[in-house]
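Engineer: here is a sequence with its predicted model. Questions after.
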Amino acid sequence: MASELSLANLKTVLKENNTDLTNTIKSEVLKLNNTVVRVTNENEQLWREVNKLNLVISGVPDSEYESREDLGVKIDTIIVKIVGESRKFDTITRVGKFLKNSARLIKVRFLSISDRDEVYDNRYNAERPTYINEDIPPTMRRDHAIMRQKKKQFIKDGFGLQQIKMDWNRRIIRAGEETYKVVDGNIKLLVPNITTTSNSPPQSQNQNTTHQNFQNRVGSGHPNGTNPYYGGSDSSPGNHTNAKLTINGSRGSGRGHGPRGGSNQVGHRIHASDPSPFPPKSPSLPFNPSATSSARPPHFLGQSSLSLGN
């Protein structure tokens, strides 16, 4: 029997350890994925900063024995057609190995950012099939190619060009109610978040309301709508006085505080003929403090040891 219990305990401990180990591995994998995304973004920004003077031109006829001078003439001809005059550039290079059936890309580095921007802003003036694009990282170029393929698919499905929105920097493409995002070479459908709201008031509001109702109930018996035991205040000005209050035959003068002084806090003049705002004195609990006593009379629910003198 003991061996069965020990075996069951061992299985429980192993299961808990496996769960903890699995959670730890998942957490580490998530951290690594976030690190990879952050490093990739930093590399792309660094690439674009280093290559901000570059433009990539595609669709220019290629030959196996093309010289640098011949390539320079081809690029200068394209730039003149685009902006109307030639521009100075630093370097011109073909990218990749020569292939008979396709023209290699051409990377052009300008001497100034203004010349580069002028050519890029007028890129649509180039004759097809020549295209001019920014020098972006390979990962971004790959993702942009996926976005163009998706755009073709949307057009085939019946969407118009005005209905298709492309965000090249965020790598998001929208058509109708569908939104796709390219992440690490994979296109994913984005599902919108659905949130629900509650019309119930906040808890603090309910608590304040309850507290206010309690104060209203406590002060409802006072002539001024407040309870003297809770330090209520009267909103009417000019009612302060130097009335005297007798406590069991002893007098006290000046402003009082609650039931102890000569004038209560609400500024109400007290006369002997006025009805007492306090509960009647309990004969079973006598209390006879002196006029100079600083002790506060005890207060019991529903009864009081104070009375107004004649």
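Structural biologist: Looks like it came in fine.
Engineer: for the helix of greatest length in the chain, what is the average pLDDT?
Structural biologist: In the chain, assigned by DSSP state H, the helix with the most residues is helix 2-50. Mean pLDDT, helix 2-50: 80.
Engineer: burial count for residue 66?
Structural biologist: If you count neighbours by other CB atoms under 10 Å, residue 66 ends up with 15. In short, each C-beta sits where N, CA and C put it, glycine included.
Engineer: returning to that earlier point: so which elements touch the longest helix of the chain?
Structural biologist: Judged by 3 or more CB pairs under 8 Å, 6 or more residues apart in numbering; DSSP states H and E, helix 2-50 is in contact with helix 138-156.
Engineer: isn't residue 181 up against residue 171?
Structural biologist: Yes: Residue 181 lies in contact with residue 171 (CB atoms under 8 Å); the separation is 6.1 Å.
Engineer: hmm, back to that, now the angle from the helix or strand just after the longest helix of the chain to helix 138-156?
Structural biologist: For helix 2-50, the following helix or strand on the C-terminal side (DSSP states H and E) is strand 54-58. For strand 54-58 against helix 138-156, the angle by axes from the mean of the first three to the mean of the last three CA atoms, to 10 degrees is 50 degrees.
Engineer: and strand 54-58, which strands flank it?
Structural biologist: Applying DSSP bridges to the sheet, strand 54-58 is found paired with strand 105-110 (antiparallel), strand 131-134 (antiparallel).
Engineer: alpha carbons only: can I get the shortest one in PDB?
Structural biologist: In other words, strand 131-134. What follows is strand 131-134, C-alpha atoms only, in PDB (Å, rounded to 0.1, in the frame of the first residue of the first chain):
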ATOM      1  CA  TYR A 131      11.400  50.100 -63.000                       C
ATOM      2  CA  ILE A 132      13.100  52.200 -60.300                       C
ATOM      3  CA  ASN A 133      12.900  51.300 -56.600                       C
ATOM      4  CA  GLU A 134      14.500  52.000 -53.300                       C
END
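Engineer: which residues touch it?
Structural biologist: With CB atoms under 8 Å, 6 or more residues apart in numbering as the test, strand 131-134 has contacts from 48, 54, 55, 56, 57, 58, 59, 82, 119, 120, 123, 126.
Engineer: same check, this time on stretch 77-89
Structural biologist: Stretch 77-89 has contacts (CB under 8 Å, 6+ apart) with 57, 60, 75-76, 108-111, 115, 118-119, 122-123, 125-127, 130, 132.
Engineer: picking that back up, just the buried ones from the contacts of strand 131-134?
Structural biologist: Among the contacts of strand 131-134, those buried by neighbour count (16 or more other CB atoms under 10 Å) are 54, 55, 56, 57, 59, 82, 119, 126.
Engineer: I'd like those as TSV, with pLDDT and distance to residue 160 appended.
Structural biologist: Converted to TSV, those look like this (pLDDT from 0 to 100; distance: CB to CB, whole Å):
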residue	pLDDT	distance to residue 160
54	93	34
55	94	30
56	93	29
57	93	30
59	91	26
82	91	29
119	93	31
126	90	25
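Engineer: in CSV: these, plus distance to residue 35.
Structural biologist: Formatted as CSV, the buried ones among the contacts of strand 131-134 follow (distance: CB to CB, whole Å):
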residue, distance to residue 35
54, 29
55, 32
56, 30
57, 36
59, 38
82, 42
119, 37
126, 41
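Engineer: ok, of the residues you listed, which one's closest to residue 66?
Structural biologist: Taking CB to CB as the measure, residue 66 lies nearest residue 57 of the buried ones among the contacts of strand 131-134, at 13.9 Å.
Engineer: can you tell me how far that closest one is from residue 94?
Structural biologist: Distance, residue 57 to residue 94, by CB to CB, to the nearest Å: 10 Å.
Engineer: any shared contact partners between those two?
Structural biologist: Common contact partners of residue 57 and residue 94 (CB under 8 Å, 6+ apart): 105, 106.
Engineer: in the protein, where is pLDDT below threshold?
Structural biologist: For the chain, applying pLDDT under 70 flags the ranges 1-5, 192-310.
Engineer: strands of that one, start to end?
Structural biologist: 54-58, 89-95, 105-110, 131-134, 164-167, 172-175, 178-183, 186-189, 245-247, 250-252 (DSSP state E).
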